[in-house]
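A.B. asks: output the structure for:
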Amino acid sequence: MTTKHIFLDVDGTLVSYENILPQSAVDAIQQAQDNGHKVYAVTGRSKAEMYEEILAIGLDGYIGGNGNYIELGDQVLYHKHLSLEQTTAIVDWLKSRNLEFYIESNSGLYASENFEERGKQTIKDYIAYKGQDHPEQATIRGAFPEMIFGEDPYRDDVNKISFILNSYDDYLAAKEYFSDYQVGTWGGVGEKALFGDVALPNINKQTAIKQLLDHLDADKKDTVAFGDAKVDLPMFELCEIGVAMGNGGEEIKAAADYITDAVEDDGLYNAFKHFNFI
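C.D. replies: Next up is the predicted model:
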């Protein structure tokens, strides 16, 4: 049997946007590992958001920060983060525009002073956009259960910084001001985006997977990527097979070799069976 290297996005792929991890997904991963395959998480989440129930699965490795961090077993292969000087410049600029934000670090997620209050409606809109049930019940603390409040945002261990958009102009201004960085949006398409983020340039899920494959001396033809969103497209461009979740966006589905069911409908388990991983 040929060992397959299986790369899983987390939000909208491994877990729902309400942070629900289906037992069928856990079963699929562990059965695939028992059959000799390797399974890795590839996510925008920093290590602080890899909560215990995800770590307890026993994944073979983890790529975080959309590519700025690579962990294989207990070994950290790569970690490139913002410096204190870079973080300070970004935080000061966000404050100057009255934009609430949170710092994404492996040690934790650190909210700006008024992030929870400002984000009340934003997180409801985000959950509704993702098609989840009862978006009116969504809260910041429900979406980010271990977020830290009241801490100093000026840090030297920051992977990226996400901020709530008051308008699309905030994203355009950030993109212009931080032209040497990677500035993006999420939580909506185009001018309907809810969040912006700032990270180091020339790093994405594809660059990290390539580094990991090189380290393992693994062949690209033995790779499979699972995702649900535009940020997963670089994975699909590199990996031999791209699998889109049924709850995914139109762009990722158009790029996929196979479309499985939604997260909540045992999408991972059903796709693992389809490809004979289990």
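A.B. asks: give the contact list for residue 105.
C.D. replies: Remark: with contacts taken as Cβ atoms under 8 Å, 6 or more residues apart in numbering, residue 105 is in contact with 46, 48, 81, 155, 157, 158, 159. For the C-beta atoms, the positions are set from N, CA and C on the backbone; glycine is no exception.
A.B. asks: 7 Å instead?
C.D. replies: 46, 48, 155, 157, 158, 159 (Cβ atoms under 7 Å, 6 or more residues apart in numbering).
A.B. asks: same deal with residue 63?
C.D. replies: By Cβ under 7 Å, 6+ apart, residue 63 lies in contact with 40, 41, 42, 69, 70, 205, 208, 209, 212.
A.B. asks: name the SS class of it, please.
C.D. replies: strand (DSSP: H, G, I helix; E, B strand; the rest coil).
A.B. asks: how close does it get to residue 88?
C.D. replies: Distance of residue 63 to residue 88, given as Cβ to Cβ, to the nearest Å: 27 Å.
A.B. asks: quick one: residues in contact with the longest helix seen in the chain.
C.D. replies: Ranked by number of residues, the top helix in the chain under DSSP state H is helix 115-129. For helix 115-129, contacts defined as Cβ under 7 Å, 6+ apart pick out 17, 100-102, 135-136, 138-140, 143, 149, 164, 187-188, 194.
A.B. asks: recalculate using a threshold of 6 Å.
C.D. replies: 100, 102, 135, 138, 140, 143, 164, 187, 188, 194 (Cβ atoms under 6 Å, 6 or more residues apart in numbering).
A.B. asks: got the residue ranges for the helices in the stretch 151-278 of the chain?
C.D. replies: Secondary structure of the stretch 151-278 of the chain by DSSP state H, counting those that start in this stretch: the helices cover 168-177, 205-216, 233-238, 250-255, 267-274.
A.B. asks: can you list those in a markdown table and add distance to residue 223 and mean pLDDT?
C.D. replies: Shown next, in a markdown table, are the helices of the stretch 151-278 of the chain (distance: least, Cβ to Cβ, whole Å; pLDDT from 0 to 100):
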| stretch | distance to residue 223 | mean pLDDT |
| --- | --- | --- |
| helix 168-177 | 31 | 97 |
| helix 205-216 | 7 | 97 |
| helix 233-238 | 7 | 97 |
| helix 250-255 | 15 | 95 |
| helix 267-274 | 14 | 98 |
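A.B. asks: those helices into a markdown table, with extra columns for mean neighbour count?
C.D. replies: Formatted as a markdown table, the helices of the stretch 151-278 of the chain follow (neighbours: other Cβ atoms under 10 Å):
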| stretch | mean neighbour count |
| --- | --- |
| helix 168-177 | 16 |
| helix 205-216 | 19 |
| helix 233-238 | 20 |
| helix 250-255 | 15 |
| helix 267-274 | 21 |
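A.B. asks: of all these, which one comes closest to residue 106?
C.D. replies: For residue 106, the closest of these is helix 205-216, at 14.7 Å, according to Cβ to Cβ.
A.B. asks: other SSEs contacting the closest one?
C.D. replies: helix 233-238 (3 or more Cβ pairs under 6 Å, 6 or more residues apart in numbering; DSSP states H and E).
A.B. asks: which residues touch the helix it packs on?
C.D. replies: 7, 204, 205, 206, 209, 225, 227, 242, 255.
A.B. asks: can you tell me the distance between the two ends of stretch 49-56?
C.D. replies: End-to-end distance for stretch 49-56, by Cα to Cα, to the nearest Å: 13 Å.
A.B. asks: the helices in the stretch 1-150 of the chain, which residues?
C.D. replies: Under DSSP H, counting those that start in this stretch, the stretch 1-150 of the chain gives helices at 23-34, 52-55, 84-96, 115-129, 140-143.
A.B. asks: tabulate the helices of the stretch 151-278 of the chain (a markdown table), appending distance to residue 131.
C.D. replies: What follows is the helices of the stretch 151-278 of the chain, written out as a markdown table (distance: least, Cβ to Cβ, whole Å):
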| stretch | distance to residue 131 |
| --- | --- |
| helix 168-177 | 22 |
| helix 205-216 | 23 |
| helix 233-238 | 20 |
| helix 250-255 | 13 |
| helix 267-274 | 14 |
